[in-house]
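give me a 3D structure for the following:
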Amino acid sequence: MQDLADGLARDVLAGSVDLDDPYFYEKVAKVVGASSPTLQEAFMTSIRIRLAEKRGREFLEKALAAKRAGAKLPDAPREAEKGGH
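Residues are numbered from 1 along each chain as shown. The predicted structure is shown next:
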């Protein structure tokens, strides 16, 4: 089931770019949840993980670029100080 949910999450996030709707996954979650709340939760977990990984990777790239340029390293966003799930 997790593989199905993760595959759907990957495809939905990619499709969100084409649809120009960064929150399209919320609509898909409602559709999935109407039939399977269990799959909906697995889907949303995959969405959260993939979005967090993307933000982490973007932060890493900014930090590396700043280091190479001899600039100040970026600060972590304030919400990151509070922790997560």
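
from here on, just use CA atoms for contacts and neighbour counts.
Noted.

can you give me the helices for this structure?
2-19, 24-35, 37-69, 78-81 (DSSP state H).

got any ranges where this structure has weak pLDDT?
Within the chain, the stretches with pLDDT under 70 are 80-85.

now the farthest one out in it, which residue is it?
No residue in the chain sits farther from the centre than residue 70, which is 29.6 Å out by Cα atoms, centre = their mean.

ok, now how distant is it from residue 64?
10 Å (Cα to Cα, to the nearest Å).

can you tell me which residues contact the most centrally placed residue in the chain?
Per Cα atoms, centre = their mean, the C-alpha nearest to the average position across the chain is that of residue 51, at 1.1 Å. By Cα atoms under 8 Å, 6 or more residues apart in numbering, the contact set of residue 51 is empty.

can you rerun that using 10 Å?
The contact partners of residue 51, by Cα atoms under 10 Å, 6 or more residues apart in numbering, come to 13, 45, 57.

what comes into contact with stretch 10-19?
Residues contacting stretch 10-19 (Cα under 10 Å, 6+ apart): 4-6, 8-9, 21-26, 28, 43, 46-47, 50-51.

mind listing what's buried in that stretch?
Residues of stretch 10-19 classed as buried by neighbour count (16 or more other Cα atoms under 10 Å): 12-13.

stretch 70-78 too?
residue 73.

and what of stretch 50-61?
Result for stretch 50-61 [16+ other Cα under 10 Å]: buried residues 50, 59.

also stretch 21-36?
Neighbour-count burial for stretch 21-36 [16+ other Cα under 10 Å]: 25, 28-29, 32.

contacting residues around residue 7?
The contact partners of residue 7, taken as Cα under 10 Å, 6+ apart, are 1, 43, 46.

how near is the last one to residue 12?
Residue 46 is 11 Å from residue 12, where distance means Cα to Cα.

for residue 38, same thing?
Counting by Cα to Cα, the gap from residue 38 to residue 12 is 18 Å.

now swap in residue 78 and tell me
28 Å.

now swap in residue 40 and tell me
Residue 40 is 13 Å from residue 12, by Cα to Cα.
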